[in-house]
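Novice: pasting the structure only:
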């Protein structure tokens, strides 16, 4: 039987909380990472809606919560410009975009 999750760590600056889950029956544990993303996604939506029509070099096209960035880094997407472009252009990931259009 699993015990109730216990707080493992919390970082106020990033909003990342880690929970420790222990399963007595299997003697296994899991550390769950949770990040509150409401503020980042709200800012992204506002920036997306207010973005100028013209594109230019060096403009921010996305803002990712640290937990998403870490997942993409582990998957090798952050180090592959084509894969990152595909990921950012995917409609399922639109909430992370700060500008409309395709990359």
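Specialist: Arrived safely, thanks for sending. Only a predicted model underlies this, so the values are computations on that prediction, with no experimental measurement involved.

Novice: can you tell me the helix or strand for the residue positioned nearest the centre of the chain?
Specialist: With distances taken as CA atoms, centre = their mean, residue 68 lies nearest the centre of the chain, 2.5 Å away. Assigned by DSSP states H and E, residue 68 belongs to helix 66-74.

Novice: which helix of this structure spans the most residues?
Specialist: helix 38-49 (DSSP state H).

Novice: tell me the angle that one makes with helix 66-74.
Specialist: 80 degrees (axes from the mean of the first three to the mean of the last three CA atoms, to 10 degrees).

Novice: for the helix holding residue 68, which positions count as buried?
Specialist: Of all the residues in helix 66-74, those buried under the rule 16 or more other CB atoms under 10 Å are 66-68, 72. Glycine gets a C-beta too; all of them are placed from N, C-alpha and C.

Novice: circling back to that earlier point, check which residues of the longest helix of the chain are buried.
Specialist: Buried, per 16+ other CB under 10 Å, within helix 38-49: 40, 44, 47-48.

Novice: ok, of those, which one's closest to residue 20?
Specialist: residue 40 (25.2 Å; CB to CB).

Novice: what's near enough to touch that closest one?
Specialist: When contacts are counted by CB atoms under 8 Å, 6 or more residues apart in numbering, residue 40 touches 63-65.

Novice: measure it to residue 68 for me?
Specialist: Taking CB to CB, to the nearest Å as the measure, residue 40 falls 9 Å from residue 68.

Novice: Are we agreed that residue 34 is in a strand?
Specialist: Yes: applying DSSP: H, G, I helix; E, B strand; the rest coil, one finds residue 34 inside a strand.

Novice: Surely it touches residue 21?
Specialist: No: between residue 34 and residue 21 there is no contact under CB atoms under 8 Å: 11.8 Å.

Novice: who's more crowded, these two?
Specialist: Each of residue 34 and residue 21 has its neighbours counted (other CB atoms under 10 Å); residue 21 has more, 15 against 12.

Novice: And the contacts of the helix or strand that one falls within?
Specialist: Here residue 21, judged by DSSP H and E, is contained in strand 16-23. For strand 16-23, the surrounding residues in contact (CB under 8 Å, 6+ apart) are 1-3, 5-11, 28-35, 66-67.
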